[in-house]
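Student: after the sequence you'll find the predicted model.
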Amino acid sequence: MAITLVIVLLVIGSLLLHYFSVWWFTPLASNWASIDFTVDITVWITGVVFVLVNLFLAYAVFRFRSRPGHKAHYEPENKKLEGWLVALTSVGIAAMLAPGLYVWAQFVQPPENAIEVEAFGQQWHWRFRLPGADGQLGKVDTALISEQNPLGIVESDPAGADDIVILSNELVLPLDQPAKILLRSADVLHNFTVPQFRVKMDLVPGMVSTLWFTPTQAGQFDVLCEELCGTGHFAMRGKVSVKPAEQYQQWLAQQQTFAQSQSVPQADITQGQAHYQLCAACHGDSAEGNKQLNAPALAGQSGWYLRRQLHHYQQGIRGTAEGDLYGAQMAAMANTVADPATLEHLLAYIASLPPVQASVAQGNAERGQRLYRSCAACHGAEAKGNYALNAPRLAGLDGWYLERQLNYFKQQIRGSHPQDFYGAQMSLVAQSLQTERDVADVVAYINSLQP
């Protein structure tokens, strides 16, 4: 009797959980209502079968329970019952599979007027590429990926020169225009998912997979990776912004082509030294940093990271958050090197300076080594940084500065700006350091890894 009651309560509880659950579909924002319909059919069929089978099980347990004077009838075969089971099961499976096969046939056949966009996945971020005026995407080769060529575009291919390269995590698409997404991975298996569009497809290294959809609602939607791709998988997020055609064309006109991205001004260390004199007032003559002026060491840091941070200061992505007093000071100074040529001269001079010995934080480096394991996935076992993972060098930075930045990330003073994608990732990771002792210990270990 008790088992019968438990089974019935399980059925009732499951129905109530489904009915009152907050886990429903996100509002549809594409043409794929047929996917919702297919899922609804599956839920209804499996739901009805679940209820009927379990209620029959409860009835059988109660009706044929062990009682004195009753003996079980052994019947190893019942062709009539087996026939009904095979027929009903076949109908149920066909009812679930047929709509799915029909929708899948549409899903893999994009319309002829669909624009092509490449979504490029790499641990643990998204980048995008659109065809230029010629309407064709150039050839690519992952072996060519570098700081100057993050997508590995083949320079000798004329079709790639005018490709629009989007190095941020945000892709903009026109409203009511079909879009065919070409999916490519630089390293491991990833997955491109936009829940509101009802699209999901794996990125397989060495091949190009595709999907298509028509955005039907203006707004901003999350791009998720729904394939476990390593330590930073949870933070691999991007955005799709859907805009009316006129706004989309305005955005497109402001983007940089691959050919333009390769036209980097020739750096001059002598000119860079002259520009650095203003920086030296805080960061020191040898870019060694100055704790009294809250200025970190710059010598030994990766040029690509310094460039990105200066751009972030200039664009208001960094230094505008409440509580970031020193960032606000730096934002004003960053605008003195807004000219691209001036910036390259400055970075070339800083790159010529030898790394300095960092001041060491007080903490338990042995315990910090264990805490650092998750950090090593991006920043490297020796904290030398990794351009491919957008992780800067940590070795050689002063302990006081590292502690302050980790606390800023934890408090979302850094990483809160909607365009600071990598800062947002770091803000999530920093939450794993739950106490002040955790921060001090992991910094003490990083300080032991002097360059």
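Tutor: Here it is on my side, so go on.
Student: could you list the low-pLDDT ranges of the stretch 151-300 of the chain?
Tutor: Filtered on pLDDT under 70, the stretch 151-300 of the chain yields no residues whatsoever.
Student: what do you get if the cut-off is 90, keeping everything else the same?
Tutor: 152, 155-157, 159-161, 167-170, 186-187, 229-238, 253-254, 256, 259-268, 300 (pLDDT under 90).
Student: quick one: pLDDT of the closest residue in space to residue 431 that isn't next to it in sequence?
Tutor: Computed as Cβ to Cβ, 6 or more residues apart in numbering, the closest residue to residue 431 that is not its neighbour in sequence is residue 410, at 6.3 Å. Every C-beta, even on glycine, is put in place using the N, C-alpha and C of the backbone. We have a pLDDT of 92 for residue 410.
Student: who's in contact with residue 410?
Tutor: 427, 430, 431, 433, 439 (Cβ atoms under 8 Å, 6 or more residues apart in numbering).
Student: and the two most separated of the residues you listed?
Tutor: For those, the farthest-apart pair by Cβ to Cβ is 427 and 439; their separation is 13.8 Å.
Student: these two - which one has more neighbours?
Tutor: residue 439 (23 against 20; other Cβ atoms under 10 Å).
Student: isn't that one up against residue 404?
Tutor: No. Residue 439 is beyond contact range of residue 404, at 9.7 Å (criterion: Cβ atoms under 8 Å).
Student: this structure: helices as residue ranges?
Tutor: In the chain, the helices defined using DSSP state H lie at 2-20, 33-63, 79-107, 245-253, 258-261, 269-283, 303-315, 325-334, 340-351, 365-371, 373-379, 399-410, 421-430, 436-447.
Student: redo those helices as CSV? Include distance to residue 176.
Tutor: CSV is the format used below for these (distance: least, Cβ to Cβ, whole Å):
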stretch, distance to residue 176
helix 2-20, 34
helix 33-63, 15
helix 79-107, 17
helix 245-253, 8
helix 258-261, 28
helix 269-283, 48
helix 303-315, 30
helix 325-334, 39
helix 340-351, 37
helix 365-371, 49
helix 373-379, 39
helix 399-410, 39
helix 421-430, 27
helix 436-447, 49
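Student: most tightly packed of those?
Tutor: When the helices of the chain are scored by mean count of other Cβ atoms under 10 Å, the highest mean neighbour count falls to helix 436-447 (a mean of 22).
Student: other residues contacting it?
Tutor: Residues outside helix 436-447 that contact it (Cβ under 8 Å, 6+ apart) are 358-369, 371-372, 375, 383, 394-395, 397, 399, 402-403, 406-407, 410, 433.
Student: again, but for stretch 96-116
Tutor: By Cβ under 8 Å, 6+ apart, stretch 96-116 touches 32, 34-35, 37-38, 41-42, 45-46, 130-131, 137, 173-174, 177-180, 182, 210-212.
Student: let's see that with 10 Å instead.
Tutor: 31-32, 34-35, 37-46, 129-131, 135-137, 173-174, 177-182, 198-199, 201, 209-214, 248 (Cβ atoms under 10 Å, 6 or more residues apart in numbering).
Student: what distance separates the start and the end of stretch 128-147?
Tutor: 16 Å (Cα to Cα, to the nearest Å).
Student: whoops, I mixed them up, stretch 189-201
Tutor: The first-to-last residue distance of stretch 189-201 comes to 11 Å (Cα to Cα).
Student: before we move on, what about stretch 190-206?
Tutor: Start-to-end, stretch 190-206 (Cα to Cα) is 12 Å.
Student: just the buried positions in that stretch, please.
Tutor: 190-199, 201-204 (16 or more other Cβ atoms under 10 Å).
Student: thinking residue 361 is in contact with residue 402, fair?
Tutor: Yes. Assessed by Cβ atoms under 10 Å, residue 361 is found in contact with residue 402 at 7.0 Å.
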